[in-house]
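Undergrad: Requesting a structural model of the entry that follows:
(one chain, ligands or ions: 1)
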Amino acid sequence: MTYVERVLSDLKTNNPNEPEFHQAATEILTTLAPVLEKHPEYEAAGLLERFVEPERVIMFRVAWVDDSGKTRVNKGYRVQFNSAIGPYKGGLRFHPSVNLSIIKFLGLEQILKNSLTGLPIGGGKGGSDFDPKGKSDREIMAFCQSFMTELYRHIGADTDVPAGDIGVGGREIGYLFGQYKRIRDEHTGVLTGRGLTYGGSLARTEATGYGLIYITEEALKMRGDSFKGKTVIISGSGNVAIYACQKAQSLGAKVVAMYDSNGYVYDPNGIQLEVIKDIKEVKRGRIKEYADKVKTATYKDGCKGIWSIPCDIALPCATQNEIDKQSAELLVKNGVKFVAEGANMPSTLEAIEIFQRNNVVFLPAKAANAGGVATSALEMAQSSGRMYWSFDEVDAKLKNIMVNIYHNIDSAAKDYGFDGNYVMGANIAGFIKVASAMMAHGIV
Ligand code: NDP
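TA: Now for the predicted structure:
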């Protein structure tokens, strides 16, 4: 058994019933063999065993009272995975599917993603199985206050800086920050994605979606191509999807389909983003309403069908494992040339293999969606420096970071003999920095 096989096998035995964590660890570890061969000292120092074991896992009860006066109880999580290169950093996800396996897969991915940004941030992730859908503002506030009443003792501007993720947007960050400030009596950069009136950064809302488009644009440019005239499919209609759509359209692409967790809309004339924004951001409604408002559009129940629409570029921006083997085969058959992951782990291992085998340019999440956390790190820099940068300044830094990430993962893939394999490139480039810092710190 190789070192990687042994660590993966032990991980599966020691962490049973955590399929998403196993999937992410397999995707990462199986690409690291060439680095481990170059550095036999890593095995001697048990580096991989330490890399896959979170430094700290915090699980807690979140009790709150709903509008009918009934007591509700949810599970809260914060996984502080790796602080070798900086304070733990990663979002909070509020969704009924949240469990320890999902938070650990996200945390593990986050370590390498944060490393790729080139900024000093470690990896963490958290959340709850609380479902914000259909809850009143008061219920959301009650939940967030209860969640923070435990979380506050584990986080801090130099320790662990959470942000948003699925189900956690500006409203939730506001309530969480308010409670932190009340308990700690500190107005610090302890959360990112804050509102502009209390320490947030311009362009943070747009950052993940814009960043996804910037890195894809660079991959296109390196092949003498651009977004102009391309047909694009974007899954999801949340924060990442909306701003990916906006930037892609501004570069001349035609986005023809988007979805939410109930179904998808197809608009051959190109999605009218203002209508989507009004439904999802303002009214918190369902995407189905788009087809009632825009006559050229059709709505279909269920999400999977979206991948049967022919496109040049597919941008999965909703959730994990949304593109399986069958959907990947359909995309390839219909001529997809680029797949860039806005969501975390939206493609299954089989789907990635199909893209790579068919020469689809595949940009994995930890590189492609790193723009969000990179801009969060820029928000941290502005907070500690007590200063504000303009939208254009932040956007320019974001673009620069995404272009650098593309060239880093491209070079790493080439250096290790896997030209064009950006899964290898991203894992290797992200891992090298973390591994070197962990070695410098001794056995901890
Ligand atoms: P949002 O909550 O804003 O939007 C999520 C979107 O995905 C919604 O349209 C939602 O539909 C849909 N969705 C969620 N779960 C499912 C599901 N099981 N099946 C189908 N559709 C689903 O989240 P974000 O846009 O912030 O996050 C999207 C992805 O991007 C996640 O994987 C997240 O981890 C990743 N990401 C986000 C970053 C950020 O800065 N926000 C940074 C890096 C990665 P509905 O409206 O019906 O709930």
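
Undergrad: tell me the contacts of the nearest residue to residue 113 once chain neighbours are set aside?
TA: Using C-beta to C-beta, 6 or more residues apart in numbering and skipping the chain neighbours, the partner closest in space to residue 113 is residue 366 (4.0 Å). To be clear about C-beta, it is placed using only N, CA and C from the backbone, and glycine gets the same treatment. Neighbouring residues of residue 366 by C-beta atoms under 8 Å, 6 or more residues apart in numbering: 109, 112-113, 116, 426-427, 430.

Undergrad: quick one: average pLDDT of stretch 24-31?
TA: For stretch 24-31, the mean per-residue pLDDT is 97.

Undergrad: quick one: contacts of it?
TA: With contact meaning C-beta under 8 Å, 6+ apart, stretch 24-31 is reached by 4, 7-8, 11, 48, 52, 104-106, 108-109, 112, 345, 349, 352, 423-424, 427-428, 431.

Undergrad: go again using 6 Å as the cut-off
TA: Stretch 24-31 is contacted from outside by 4, 8, 11, 52, 105, 108-109, 424, 427, using C-beta atoms under 6 Å, 6 or more residues apart in numbering.

Undergrad: how far is that stretch from where the chain is centred?
TA: Centroid separation between stretch 24-31 and its chain, computed with C-alpha atoms, centre = their mean, to the nearest Å, is 17 Å.

Undergrad: So for it, what gets flagged as buried?
TA: 24-25, 27-31 (16 or more other C-beta atoms under 10 Å).

Undergrad: Can you report how many residues lie near the closest residue to the ligand within the stretch 101-250 of the chain?
TA: The nearest approach of the stretch 101-250 of the chain to the ligand comes at residue 238, 1.7 Å away (C-beta to the nearest ligand atom). When counting by other C-beta atoms under 10 Å, one arrives at 23 neighbours for residue 238.

Undergrad: cool, and residue 224?
TA: Residues lying near residue 224 (other C-beta under 10 Å) number 6.

Undergrad: Equivalent analysis for residue 336, please.
TA: Using other C-beta under 10 Å, residue 336 is surrounded by 23 other residues.

Undergrad: ditto for the one 3 residues further on
TA: Residue 339: 27 surrounding residues under other C-beta under 10 Å.

Undergrad: Given the helix or strand it falls within, what are its sheet partners and their directions?
TA: Using DSSP states H and E, the element containing residue 339 is strand 338-340. Applying DSSP bridges to the sheet, strand 338-340 is found paired with strand 313-316 (parallel), strand 361-363 (parallel).

Undergrad: How about residues contacting it?
TA: When contacts are defined by C-beta under 6 Å, 6+ apart, strand 338-340 is touched by residues 212, 216, 313-315, 355, 360-363, 368.

Undergrad: Give the buried residues for the helix or strand following that strand.
TA: Downstream of strand 338-340, the next assigned helix or strand under DSSP H and E is helix 349-357. Across helix 349-357, burial judged by 16+ other C-beta under 10 Å covers 351-352, 354-356.

Undergrad: what do you get for stretch 427-444?
TA: Buried-residue list, stretch 427-444, by 16+ other C-beta under 10 Å: 427-435, 437-438.

Undergrad: ok, back up a step: let's see which of the contacts of residue 366 end up in helices.
TA: Secondary structure from DSSP state H places 109, 112-113, 116, 426-427, 430 of those in helices.

Undergrad: Could you look up the SS state of residue 124?
TA: strand (DSSP: H, G, I helix; E, B strand; the rest coil).

Undergrad: For it, name its beta-bridge partners.
TA: residue 80.

Undergrad: Can you report how many residues lie near it?
TA: Residue 124: 33 neighbours (other C-beta under 10 Å).

Undergrad: Please renumber the chain so that the first residue is 154 from this point on.
TA: Right, with 154 as the first residue, what we last looked at is residue 277.

Undergrad: Quick one, grab the pLDDT at it.
TA: Looking at residue 277, the pLDDT reads 98.

Undergrad: what residues are up against it?
TA: With contact taken as C-beta under 6 Å, 6+ apart, residue 277 is in contact with 233-234, 241, 243, 260, 313.

Undergrad: One more: residue 239?
TA: By C-beta under 6 Å, 6+ apart, the neighbours of residue 239 are 273-275.

Undergrad: Name the nearest residue to it, sequence neighbours excluded.
TA: residue 273 (3.7 Å).

Undergrad: Can I take it that that neighbour is in a strand?
TA: No. Secondary structure of residue 273 (three-state DSSP): coil, not part of a strand.

Undergrad: Flag every residue of this structure that's near the ligand.
TA: Contact residues, the chain versus the ligand (C-beta under 6 Å from any ligand atom): 317-320, 322, 361, 389-394, 413-415, 456, 470-472, 495-497, 522, 525.

Undergrad: change it to 5 Å
TA: The chain comes close to the ligand at residues 318-319, 361, 389-393, 413-414, 456, 471-472, 496-497, 522, 525, as judged by C-beta under 5 Å from any ligand atom.

Undergrad: Filter these down to the buried ones.
TA: 318-319, 361, 389-393, 413, 456, 471-472, 496-497, 522, 525.

Undergrad: In helices, which of these appear?
TA: Counting by DSSP H, these place 361, 392-393, 525 in helices.

Undergrad: before we move on, back to that, would you turn the contacts of residue 519 into a markdown table with pLDDT?
TA: As requested, those are exported to a markdown table (pLDDT from 0 to 100):
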| residue | pLDDT |
| --- | --- |
| 262 | 98 |
| 265 | 98 |
| 266 | 98 |
| 269 | 98 |
| 579 | 98 |
| 580 | 98 |
| 583 | 98 |
